[in-house]
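[1] My questions concern the predicted model and sequence given below.
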Amino acid sequence: MKTFKILLAGLFFLFLSLGVIAQGPPNPPDGGHGSNDNQPPGGGAALSGGIFLLLTLGAGYGGKKVYDLKKKKEMISE
């Protein structure tokens, strides 16, 4: 019975996803976004500052994890 329920749920999600794929893309906006022509996706947003911030935070987090690991290893060896 459990296998039947899993199979039924899987088929349900399969058919649900096929209906979503069948839809076309939405129409572009009618110039109400500050320009009379269509703009590329993203609208020309600057990404460099955000990527730099994300990389800096990731490096800091990784450094903290390494520091904590070394500190824990030193406590065990003492």
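    Noted; the coordinates are in hand.
[2] all helices of this structure, in order?
    2-21, 48-77 (DSSP state H).
[3] can I get those helices in CSV with mean neighbour count?
    C-betas here are computed from N, CA, C, even on glycine. CSV is the format used below for the helices of the chain (neighbours: other C-beta atoms under 10 Å):
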stretch, mean neighbour count
helix 2-21, 9
helix 48-77, 9
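[4] mean pLDDT for the ones you listed: which is lowest?
    Of all the helices of the chain, mean pLDDT reaches its minimum on helix 2-21 (a mean of 85).
[5] What is that helix packed up against?
    In terms of contacts (3 or more C-beta pairs under 8 Å, 6 or more residues apart in numbering; DSSP states H and E), helix 2-21 is packed against no helix or strand at all.
[6] contact partners of that helix?
    Helix 2-21 has contacts (C-beta atoms under 8 Å, 6 or more residues apart in numbering) with no other residue.
[7] one step back: can I get the helices of the chain in a markdown table including distance to Asn27?
    Below are those laid out as a markdown table (distance: least, C-beta to C-beta, whole Å):
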| stretch | distance to Asn27 |
| --- | --- |
| helix 2-21 | 18 |
| helix 48-77 | 29 |
